[in-house]
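Visitor: Fold the following, please.
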Amino acid sequence: MDELERARAKLSQLEIIERAHLEHLLAVRKAAKVQRIRIGEIIRGRYPAIYRLPTGLLARIFGFALIREEGKSKQFDVIRERRRNLAGVSRLWRDVILDTPDLWSDFGLTHLRNQTPLKLQLRRSQDAPLHVTITDEVGYPEVEELLDDLLPTMNRWRSLHIYNVIDIPNLTAIIYTLSEGLFSSLEEFYVSMQHPGDGEYPDPHHLVRRMPILKHLKFENFIGTDDFWTGPLETLELTFADGLPIPQSFHQLIPAQSLIALSLIGIVEDWKPERNGITFPLLQKLTLDISHPQVFLDAISAPKLQHFHYINHKSAWDAFGMYGLKFDCVHHLTFDATSVSVPLIEGVAFCQGFPNTTHAELHSDSLHFFFTPSRISGEFGEWSQTPVDNWASLQKLTILDSGFETKGFTSLVLWLENRRARGLPKLHIKLTADPSFPPDAAEISDVCRKLQGLCVLELDCLPLSPAAHLTGSTGPPYLILPAIEPELVNDIFWVPTK
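Guide: Numbering: from 1, shown residues only. Prediction:
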């Protein structure tokens, strides 16, 4: 075989190998195409992650979207709209909503509606505990018609809210109708009544007697009576009606032995409780916004009190110096005071009244009251003392409203610098604001710069940069996203919301 024949034989072998590889390549490509089609079919046939959740968990997630807000009658319209929107996403979501009775348990008698939707909602709620709200947007004749359908389910009512019923005869008729039944499962009752003027005030006290296992009671514009009865409550919130007398012995009717939380708000005159004469063995939270609160505090004994929420009523508080260690169990203190009333309080004595405070919540315009040194006089002369120094165990400071009152933050910064110089651990400071009225981002940045390095800083509902905005003045619209202050970026940490 000469050289030419050998070359042709080699080429023939290579062509055979080429055809084999080409056939293999075509087979691989065909197999890959089939596999891509298969993957697409699997993806299209598989539900997204949220559809693979257990229906019970999905129902709980929907429940968070359908939570009502106390005192907002229009919230029920929002709940109904959200329920319709969620049910319209898919057949699965619709089935979950229709088959979960708890998602149909909120009944708001808040506006004109016929009985058909109410009966339908009752059927879908099945045997779930019910939460009923009545407001002033309906007249009593219509409420009476709707109550005719709800009253047979009274044994399932878990909460009852009545508020903003301005028409006193209507409110009286509603309370009378409800008083004919027994609320065997009711745990929460909230009633808010308007001042009747010259008319007869409706009396809901006998309605409370129809609630044998009531745990949480809230009265607004409350009228105290000698026969007031509540039973063994866990929480009691009373806002006293202005200008109407409270019986001198009313404090004896408070269910002191069972209460875990107590809130008293309003003008209370002529109370004459004995010193340490009222014992709250289980009380953990106390909220006070009453005239002469020192009289009530002097009368109580609360060995398990942990949280004291004081809403200042412009009273002198030098009496706190006489309490000694009476409230040494309080670790959480909320001071809800205005700048006008703060000077009426003797700072050192107030802080000494709660010596073991670890978490304090203060308003920015009252910071200077706590962090500005005061001149103290005694038999050994005068010396300077900062009121907050009496809280040796202080770990966290929450600044409510964060209005960034300059004077207050100046005294706070000086106190933190002094704390750092003494080698004490950094304080955890949380700045908060109302999301509806956020402060200016520049002010926040300025405060953060001052506090930087002096504490562990947490921001809640506060903007870190000016608001983004859409503009189209020079052409097509585009979004302007302001940058966060550079010196804050490295210090940001995220706290997961509960």
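
Visitor: Could I get the full set of helices for the stretch 351-498 of the chain?
Guide: Counting by DSSP state H, counting those that start in this stretch, the segments of the stretch 351-498 of the chain that form helices are 367-371, 406-421, 441-451, 486-489.

Visitor: I'd like to know the beta-bridge partner residues of the closest residue to residue 373 other than its chain neighbours.
Guide: If the residues on either side of it in the chain are set aside, residue 373 comes closest to residue 384, at 4.4 Å by CB to CB, 6 or more residues apart in numbering. For glycine as for every other residue, the C-beta is placed from the backbone atoms N, C-alpha and C. When bridges are assigned using DSSP bridges, the partners listed for residue 384 are residue 375.

Visitor: returning to what we had before: how about the helices of the stretch 351-498 of the chain in a markdown table, adding distance to residue 204 and mean neighbour count?
Guide: Rendered in a markdown table, the data for the helices of the stretch 351-498 of the chain read as follows (distance: least, CB to CB, whole Å; neighbours: other CB atoms under 10 Å):
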| stretch | distance to residue 204 | mean neighbour count |
| --- | --- | --- |
| helix 367-371 | 40 | 23 |
| helix 406-421 | 43 | 17 |
| helix 441-451 | 45 | 17 |
| helix 486-489 | 52 | 11 |
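
Visitor: Of all these, which one is nearest residue 46?
Guide: Ranking those by their distance to residue 46 (criterion: CB to CB) puts helix 486-489 first, at 39.7 Å.

Visitor: Which residue lies closest in space to residue 184, excluding its sequence neighbours?
Guide: Using CB to CB, 6+ apart, the closest residue to residue 184 is residue 155 (5.0 Å).

Visitor: can you pull the contacts of the one you found?
Guide: Residues counted as contacts of residue 155 (CB atoms under 8 Å, 6 or more residues apart in numbering) are 182-185.

Visitor: Pipe those into a markdown table and attach secondary structure, neighbour count and pLDDT per row.
Guide: Output for those, formatted as a markdown table (DSSP: H, G, I helix; E, B strand; the rest coil; neighbours: other CB atoms under 10 Å; pLDDT from 0 to 100):
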| residue | secondary structure | neighbour count | pLDDT |
| --- | --- | --- | --- |
| 182 | coil | 13 | 91 |
| 183 | coil | 23 | 92 |
| 184 | coil | 13 | 92 |
| 185 | coil | 16 | 94 |
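
Visitor: residues in contact with residue 329?
Guide: When the contact criterion is CB under 8 Å, 6+ apart, the partners of residue 329 are 302-306, 356.

Visitor: are any of those residues buried, and which?
Guide: Burial by neighbour count, judged by 16 or more other CB atoms under 10 Å, picks out 302, 305 from these.

Visitor: Same list (the contacts of residue 329) but as a markdown table, adding pLDDT and distance to residue 117.
Guide: Shown next, in a markdown table, are these (pLDDT from 0 to 100; distance: CB to CB, whole Å):
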| residue | pLDDT | distance to residue 117 |
| --- | --- | --- |
| 302 | 93 | 47 |
| 303 | 93 | 51 |
| 304 | 94 | 46 |
| 305 | 95 | 46 |
| 306 | 96 | 45 |
| 356 | 93 | 54 |
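
Visitor: could you dump the contacts of residue 329 to a markdown table with secondary structure?
Guide: Putting those into a markdown table (DSSP: H, G, I helix; E, B strand; the rest coil) gives the following:
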| residue | secondary structure |
| --- | --- |
| 302 | coil |
| 303 | coil |
| 304 | coil |
| 305 | coil |
| 306 | coil |
| 356 | coil |
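
Visitor: Just name the closest of the contacts of residue 329 to residue 287, please.
Guide: Checking those one by one against residue 287 (CB to CB), the nearest turns out to be residue 305, at 11.4 Å.

Visitor: Can you verify my assumption that the closest one contacts residue 281?
Guide: No: contact status for residue 305 versus residue 281: not in contact, 10.5 Å apart, counting by CB atoms under 8 Å.

Visitor: Show me the longest helix that occurs in this structure.
Guide: Of all the segments assigned as helix in the chain under DSSP state H, the longest by residue count is helix 3-45.

Visitor: Which SSE is immediately downstream of that helix?
Guide: Under the assignment DSSP states H and E, the closest C-terminal helix or strand after helix 3-45 is helix 55-65.

Visitor: Now do residue 52 against residue 92, distance only.
Guide: 10 Å (CB to CB, to the nearest Å).

Visitor: Please apply the same query to residue 24.
Guide: With the distance defined as CB to CB, residue 24 ends up 45 Å from residue 92.

Visitor: what does residue 40 give?
Guide: Taking CB to CB as the measure, residue 40 falls 22 Å from residue 92.

Visitor: what about the two, which has more around it?
Guide: Neighbours were counted for residue 40 and for residue 92 using other CB atoms under 10 Å; residue 92 has more, 14 against 10.

Visitor: Apart from its chain neighbours, what residue comes closest to that one?
Guide: Nearest-residue entry for residue 92: residue 51, 5.8 Å, with adjacent residues in sequence omitted and distances by CB to CB, 6+ apart.

Visitor: okay, now the one you found: neighbour count?
Guide: 12.

Visitor: That one contacts residue 89, correct?
Guide: No: under the criterion of CB under 8 Å, residue 51 makes no contact with residue 89, lying 9.8 Å away.

Visitor: hey, which strand is longest across the chain?
Guide: Longest strand in the chain by number of residues (criterion: DSSP state E): strand 157-165.

Visitor: Which positions within that strand qualify as buried?
Guide: By neighbour count, with 16+ other CB under 10 Å as the criterion, the buried positions of strand 157-165 are 157, 159-165.

Visitor: go on, stretch 255-263?
Guide: By neighbour count, with 16+ other CB under 10 Å as the criterion, the buried positions of stretch 255-263 are 255-256, 258-263.

Visitor: Stretch 214-226 too?
Guide: Neighbour counts over stretch 214-226 (16+ other CB under 10 Å) mark 214-224 as buried.

Visitor: Am I right that residue 294 is in a helix?
Guide: Yes: counting by three-state DSSP, residue 294 falls inside a helix.

Visitor: Just say helix, strand or coil for the closest residue in space to residue 295 that isn't next to it in sequence.
Guide: Distance criterion CB to CB, 6+ apart; nearest residue to residue 295, sequence neighbours excluded, is residue 271 at 6.0 Å. When classified by three-state DSSP, residue 271 comes out as coil.

Visitor: same question, residue 221
Guide: Under the three-state scheme (three-state DSSP), the conformation of residue 221 reads as strand.

Visitor: how far away is it from residue 255?
Guide: Here the criterion is CB to CB. By it, residue 221 lies 21 Å from residue 255.

Visitor: do residue 161 as well
Guide: With the distance defined as CB to CB, residue 161 ends up 21 Å from residue 255.

Visitor: do residue 327 as well
Guide: 21 Å.

Visitor: same question, residue 171
Guide: Using CB to CB, one obtains 25 Å as the distance from residue 171 to residue 255.

Visitor: For residue 27, the count of nearby residues, please.
Guide: For residue 27, the number of neighbouring residues by other CB under 10 Å comes to 10.

Visitor: What distance do you get for residue 282 to residue 296?
Guide: When distance is defined by CB to CB, residue 282 is 18 Å away from residue 296.

Visitor: between those two, which one's more packed in?
Guide: residue 296 (18 against 15).

Visitor: Next, work out how far apart the more buried one and residue 275 are.
Guide: Going from residue 296 to residue 275 by CB to CB gives 11 Å.

Visitor: next one: residue 460
Guide: In terms of CB to CB, residue 460 sits 40 Å off from residue 275.

Visitor: How about residue 153?
Guide: Going from residue 153 to residue 275 by CB to CB gives 48 Å.

Visitor: which of the two has more neighbours?
Guide: When neighbours are counted by other CB under 10 Å, residue 153 and residue 275 differ, and residue 153 comes out ahead with 15 against 10.
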